[in-house]
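Student: Based on what follows, work out the 3D shape:
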Amino acid sequence: MSYRSSYLAVSLLISAGACGCAGQTNDASIRTSEGPIAGSTEDGVRAFKGIPYAAPPVGNLRWKPPQPATPWKEVRSATAYAPICIQPGGAATAEGFYGGGARPRVQSEDCLYLNVWSTGAPSAARPVMMWVHGGGMLAGSASNPEYDGANLARKGVVVVTVGYRLGVLGFLALPELSGESEHQVSGNYGILDLIAALKWINRNIAAFGGDPHNVTVFGQSGGSWGVCYLAATPLAKGLLQRGIGESGCTFDRDPRLKEAGLPNWNAAGTTFTFESAETLGEQWVNRAFHEPVKLDALRAKPASDFAKAIENRPNIDGWVFPHDLYVTFVNHQQNPITILGGNTADEGSVVTRAMPDEPKPGSLEAYKKLLEKQYGPEITADLVKQYRLNSDADVRRGMEEIFRESRQVWEMRELVRLTRQSHYPAYLYYFTRVPPGMNAERMGAYHAAEIPYAFGNLIDKRRPYTEVDHKLSGIISSYWVNFARTGNPNGPDLPKWPMFELSDQLCQELGVEVKTIPAPHKAAIEIFDRYEAPRLAKEK
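Tutor: You can find the predicted model right below:
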């Protein structure tokens with residue numbers, strides 16, 4: 001199981017929770033710009049599920065920018081989730097990422113739908129929080145139980161969760177596709193879907209009690225990449241005011257990763273150049289179908305033919321993304337938004353503990369060679385010293401720590417730091433709570449552990465949550481809501497969270513105790529800064 005496919009497993013983890021649901025009434029109705037819909041109300045929260053925000057991207061619309069949804073006149077039921085987007089795994093039951101089973105989900109290429117939760121009247125003008133699900137933009141869905149927005153809505157926001165095209169159907173780039181585009185580019189369809197969802201919010205969210213001019217996009221892992229992408233693309237300017245990134249950004253675009261033949265987990269999160277995206281697209285088509293295939297024939301193939309493809313990613317096409325994302329932020333060219341970002345303390349446990357079949361170096365010498373392919377001999381020597389890599393027994397720990405700090409920690413630190421350099425407010429967190437129960441000792445404060453705390457959905461029956469967890473969930477969800485409301489996470493009865501400043505670099509630890517600490521892993525971050533410096537100097 002590769003690190004890329006691990007994002008599928010992350011999404012399966014979230015779907016493994018179970019919740020008890022009270023009876024609902026179908027007495028909520030809204031008129032959207034496309035037509036009237038009827039949702040349901042439960043315990044004072046109005047929920048609308050399966051709302052189309054764009055036309056089904058099927059047939060001739062496959063690999064096209066999202067088109068407007070067809071209007072309707074009769075009241076449309078919005079009480080059930082739409083199918084999830086095509087992705088690896090099909091509808092079969094799969095083992096959850098961190099143990100336990102995951103529920104089967106129906107998949108469809110017709111998946112551009114969103115869900116809304118609100119307690120506000122149409123005139124309430126409440127802050128809006130749009131969730132971008134994780135899964136490495138290869139897997140996942142907007143309908144996992146832990147993404148239910150009811151508890152956040154009870155705190156005074158309008159919550160929207162969005163489905164968007166994934167994998168090959170979301171990001172395939174081909175010269176033939178570029179040739180039919182008015183911009184002469186291809187790929188990035190999944191990002192255009194998210195922009196279309198933001199435009200739907202801008203048109204419609206006031207009817208649900210939301211403020212279209214106070215929108216926070218938040219997401220975890222691949223969804224956090226989505227936050228970075230939306231912050232960077234000029235096509236989203238004015239559509240969002242804040243971003244909450246949890247464990248991931250796409251600042252690492254380094255072709256050396258692929259050229260060096262490194263394991264998949266080393267190259268996850270890479271954003272392609274437009275040229276390499278087209279090349280990879282052609283290679284994928286030839287490999288998948290054993291021959292070149294014309295575009296009409298590709299569009300005629302069943303969507304299931306594209307479910308297992310995991311190599312297609314967003315690309316720097318000159319239209320959706322005029323520049324490299326990291327350079328965009330360094331040059332203060334991102335959209336003017338406030339950022340809250342951070343990561344968990346044991347992000348790296350996904351690499352060595354949750355993926356036993358992923359090929360890994362078995363000796364220190366083999367691992368050093370792997371590091372030298374990526375970082376070169378000088379920085380590798382610094383890494384060996386920094387991470388105390390003295391024997392074969394140190395390899396697993398070193399892999400976890402280097403993965404954590406070279407990926408999520410460095411990326412999120414840069415996102416916050418560069419936001420402050422652009423003179424926008426920014427806040428940094430570090431989640432350290434180890435969720436109790438299933439695989440707690442093995443996985444620690446794992447990748448995605450903070451999601452149920454942020455949503456206020458501690459519903460996984462396999463975890464004996466304690467008062468510590470419920471208190472922490474209340475604090476984190478309040479921080480997130482306050483940030484969405486004002487751009488500042490602080491509020492009454494909450495531990496004070498200082499803004500990140502370049503001079504002191506303080507961070508809020510979210511754990512058994514919630515307190516302010518110096519941003520961790522400073523020495524490691526400095527090493528990875530030096531690694532990125534030559535690329536930045538060349539591309540700036």
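Student: Report the central residue of the chain.
Tutor: residue 223 (1.2 Å; Cα atoms, centre = their mean).
Student: Check the secondary structure at that residue for me.
Tutor: helix (DSSP: H, G, I helix; E, B strand; the rest coil).
Student: Please verify my assumption that it contacts residue 131.
Tutor: Yes - Residue 223 is within contact range of residue 131, at 7.0 Å (criterion: Cβ atoms under 8 Å). Just so you know, the C-beta spots here come from the backbone N, C-alpha and C atoms, and that holds for glycine as well.
Student: Now do the shared contacts for these two.
Tutor: Listed as contacting both residue 223 and residue 131 by Cβ atoms under 8 Å, 6 or more residues apart in numbering is no residue at all.
Student: can you tell me the average pLDDT over the helix or strand where residue 415 lies?
Tutor: Applying DSSP states H and E as the criterion places residue 415 in helix 410-421. For helix 410-421, mean pLDDT is 95.
Student: From the contact counts, what lies against it?
Tutor: helix 325-330, strand 338-344, strand 426-431, helix 522-539 (3 or more Cβ pairs under 8 Å, 6 or more residues apart in numbering; DSSP states H and E).
Student: which of the residues in it are buried?
Tutor: Within helix 410-421, the residues that qualify as buried by neighbour count (16 or more other Cβ atoms under 10 Å) are 410-420.
Student: of these, closest to residue 296?
Tutor: Closest approach to residue 296 among the buried residues of helix 410-421 (Cβ to Cβ): residue 411, at 39.7 Å.
Student: my guess is that closest one meets residue 251, correct?
Tutor: Yes - between residue 411 and residue 251 a contact is recorded at 5.2 Å, counting by Cβ under 8 Å.
Student: these two touch, right, residue 480 and residue 220?
Tutor: No - using Cβ under 8 Å, residue 480 is not in contact with residue 220, being 11.7 Å away.
Student: Between the two, which is the more surrounded one?
Tutor: residue 220 (31 against 24; other Cβ atoms under 10 Å).
Student: Leaving out chain neighbours, which residue sits closest to the more buried one?
Tutor: Spatial nearest neighbour of residue 220, excluding adjacent residues (Cβ to Cβ, 6 or more residues apart in numbering): residue 246 at 3.9 Å.
Student: who touches residue 478 in this structure?
Tutor: Shown in contact with residue 478 (Cβ under 8 Å, 6+ apart): 155, 491, 494.
Student: I'd say residue 284 and residue 313 touch.
Tutor: No - contact criterion Cβ under 8 Å: residue 284 and residue 313 do not qualify, at 11.6 Å.
Student: which of these two has more neighbours?
Tutor: The neighbour count for residue 284 versus residue 313, taken as other Cβ under 10 Å, is higher for residue 313 (29 against 19).
Student: a strand runs through the more buried one, doesn't it?
Tutor: No - under three-state DSSP, residue 313 falls outside any strand and is assigned coil.
Student: which residues does it contact?
Tutor: Counting by Cβ under 8 Å, 6+ apart, residue 313 touches 137, 171, 270-272, 277.
Student: Who wins on neighbours among those?
Tutor: The most crowded member of the contacts of residue 313, judged by other Cβ under 10 Å, is residue 137 (30 neighbours).
Student: how close does that residue sit to residue 168?
Tutor: Per Cβ to Cβ, to the nearest Å, residue 137 is found 11 Å from residue 168.
Student: One more: residue 198?
Tutor: In terms of Cβ to Cβ, residue 198 sits 24 Å off from residue 168.
Student: which sections of the protein are below the confidence cut-off?
Tutor: Across the chain, the ranges flagged by pLDDT under 70 are 1-28, 90-104, 252-270, 310-311, 352-360, 535-540.
Student: Residue for residue, what is the longest helix it has?
Tutor: Longest among the helix segments of the chain by residue count, using DSSP state H, is helix 364-386.
Student: Kindly export it (C-alpha atoms) in CSV.
Tutor: The C-alpha coordinates for helix 364-386 follow below in CSV (Å, rounded to 0.1, in the frame of the first residue of the first chain):
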residue,chain,number,x,y,z
LEU,A,364,20.4,2.5,7.9
GLU,A,365,22.7,2.4,4.9
ALA,A,366,19.8,1.9,2.6
TYR,A,367,17.9,4.7,4.2
LYS,A,368,20.9,7.0,3.9
LYS,A,369,21.0,6.3,0.2
LEU,A,370,17.3,7.1,-0.1
LEU,A,371,17.9,10.4,1.7
GLU,A,372,20.8,11.3,-0.5
LYS,A,373,18.7,10.8,-3.6
GLN,A,374,16.3,13.4,-2.4
TYR,A,375,18.4,15.8,-0.3
GLY,A,376,22.0,15.3,-1.4
PRO,A,377,25.0,14.3,0.8
GLU,A,378,25.4,17.6,2.7
ILE,A,379,21.8,17.8,4.0
THR,A,380,21.6,14.1,4.5
ALA,A,381,24.6,14.3,6.9
ASP,A,382,22.7,17.0,8.8
LEU,A,383,19.6,14.9,8.9
VAL,A,384,21.5,11.8,10.2
LYS,A,385,22.9,14.0,13.0
GLN,A,386,19.6,15.8,13.8
